[in-house]
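Colleague: model this:
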Amino acid sequence: GCFWCVETDFENAPGVVDVISGYSGGRRKNPTYENYSTGGHREVALIEYDPREITYAGIVEWLIKHCDPTNPRGQFNDNGKQYSPAIYYADAEQKKTAERVIKAIDEMKVYSRKIRVAIEPRDQFWPAEEYHQDYHHKNSIKYRWFRHQSGRDAFVTRHWGNRAHQLELPGSRPESASGGASNMQELYREWASYKKPSEEELKETLTPLQFRVTQKDGTENAGANPYNKNKKPGIYVDILSGAPLFSSTDKFESGTGWPSFVRPISPLAITTKMDNSNFFLGPRIEVRSRFGDNHLGHVFSDGPRNRGGKRFCMNSAAMRFIPKEDMKKEGYGDFLQFVVEGDGTK
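Modeller: Got it, this is the predicted structure:
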């Protein structure tokens, strides 16, 4: 589809470091926006990703979930082969992987029609003009209107809901990304049975700021919060359930005024969903605690590139910090393995 939208969607994928819009698949050399389609090219995206966070299978799954994979003649308002969905593979193993992922999603019966995404050998990639790169940032209002009226987000939400922002197929994430899936599930077992109190009880338990942030999706003031400058080793847990969310090892100074992390301790600790509540800020990815179902903040794709490229921008009011020296005493001894001394920049 339109590479503006493909670029935006992949910037929100876990482990994706960089996305470049461009052209590929055709005959013409050095194509431009004015002639790429007549030269047989598609609008494509070149994706740089961290294999410790996401696999090639995960990249394919993310693509299928964020387009209309049943339409081989274009995407939404854009018609023609130049907008048709395609996956390019570098070798036979990647081809088999793409076919396996498509078959698995077809068997899930999410779509009423069969998936018809082309799987083709990887060809030379030609970067698009500079004004196309990061178009959603450079022309945010125009982009948001274009995307809204295309029906893309409505289509994705109708078929996947919040699952669009989760990698759920086997092999889409390397086992090391979560420290071993079965091991992590065991570590989080005690929080799986947590029952969230009623709103009336929460008003009694939480401070007004904590209630506004966690229950009403609010945002605390930048800078004036206790964990923004915190550099002590330890973990940050959900203010209600107590489930571990982030480690000081993954914390970094973002300059935003809010505590920022490159990743959660485990994907099991959080859930994500599309947030379209603010037209001027545009679509964002909200982050919530999985077991407490509390609003934590948002995740962006402007984090340190050498550490995965993500910035989990959190509210201090949604978390409680447990210093490393107190973790065992407070029942978090099993999570000491995720805490490394230092300020999180190493």
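Colleague: okay, CA-based contacts and neighbour counts for the rest of this
Modeller: Will do.
Colleague: run a quick neighbour tally on residue 79.
Modeller: Using other C-alpha atoms under 10 Å, residue 79 has 15 other residues around it.
Colleague: show the pLDDT at it.
Modeller: Looking at residue 79, its pLDDT stands at 92.
Colleague: which strand residues bridge it?
Modeller: Bridge pairing for residue 79 (DSSP bridges) gives the partners residue 74.
Colleague: wait, it touches residue 73, no?
Modeller: Yes. Residue 79 lies in contact with residue 73 (C-alpha atoms under 8 Å); the separation is 6.2 Å.
Colleague: what's the burial count for residue 52?
Modeller: Neighbour count of residue 52, defined by other C-alpha under 10 Å: 14.
Colleague: meant to ask about residue 35, not that
Modeller: Neighbours of residue 35 (other C-alpha under 10 Å): 12.
Colleague: cool, and residue 23?
Modeller: 27.
Colleague: need the residues that contact the strand or helix carrying it.
Modeller: For residue 23, the host element (DSSP states H and E) is strand 16-24. Residues from elsewhere that reach strand 16-24 (C-alpha atoms under 8 Å, 6 or more residues apart in numbering): 3-4, 7, 10-11, 31, 36, 41-50, 54, 123-129, 132-133, 301, 305, 308-310.
Colleague: now do stretch 131-140
Modeller: With contact meaning C-alpha under 8 Å, 6+ apart, stretch 131-140 is reached by 4, 7, 8, 20, 21, 143, 144, 282.
Colleague: among those, name the ones in helices.
Modeller: Counting by DSSP state H, the contacts of stretch 131-140 place 4, 7, 8, 143, 144 in helices.
Colleague: how near is the second one to residue 66?
Modeller: The reference is to residue 7. Between residue 7 and residue 66 the distance is 11 Å, computed by C-alpha to C-alpha, to the nearest Å.
Colleague: same deal with the first one?
Modeller: To residue 66, residue 4 is 13 Å away according to C-alpha to C-alpha.
Colleague: swap in residue 59?
Modeller: Distance, residue 59 to residue 66, by C-alpha to C-alpha: 11 Å.
Colleague: surely residue 97 is within a helix?
Modeller: Yes. Counting by DSSP: H, G, I helix; E, B strand; the rest coil, residue 97 is found in a helix.
Colleague: okay, now the residue lying closest to it once chain neighbours are set aside: neighbour count?
Modeller: Residue nearest to residue 97 in three dimensions, not counting chain neighbours: residue 57, with 6.0 Å by C-alpha to C-alpha, 6 or more residues apart in numbering. Neighbour count of residue 57, defined by other C-alpha under 10 Å: 24.
Colleague: any chance of the contacts of stretch 131-140 in a markdown table, plus pLDDT, distance to residue 155 and neighbour count?
Modeller: What follows is the contacts of stretch 131-140, written out as a markdown table (pLDDT from 0 to 100; distance: C-alpha to C-alpha, whole Å; neighbours: other C-alpha atoms under 10 Å):
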| residue | pLDDT | distance to residue 155 | neighbour count |
| --- | --- | --- | --- |
| 4 | 93 | 17 | 22 |
| 7 | 93 | 18 | 24 |
| 8 | 90 | 16 | 17 |
| 20 | 92 | 24 | 23 |
| 21 | 95 | 22 | 25 |
| 143 | 89 | 17 | 16 |
| 144 | 87 | 15 | 19 |
| 282 | 74 | 18 | 16 |
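Colleague: tell me the one of these nearest residue 334?
Modeller: Comparing the contacts of stretch 131-140 against residue 334 with C-alpha to C-alpha places residue 8 closest, at 37.0 Å.
Colleague: chain neighbours aside, what residue packs nearest to that closest one?
Modeller: Nearest residue to residue 8, sequence neighbours excluded (C-alpha to C-alpha, 6+ apart): residue 136, at 7.0 Å.
Colleague: now do the one you found, the pLDDT please.
Modeller: pLDDT recorded at residue 136 is 85.
Colleague: wait, a strand at residue 47?
Modeller: Yes. Counting by three-state DSSP, residue 47 is found in a strand.
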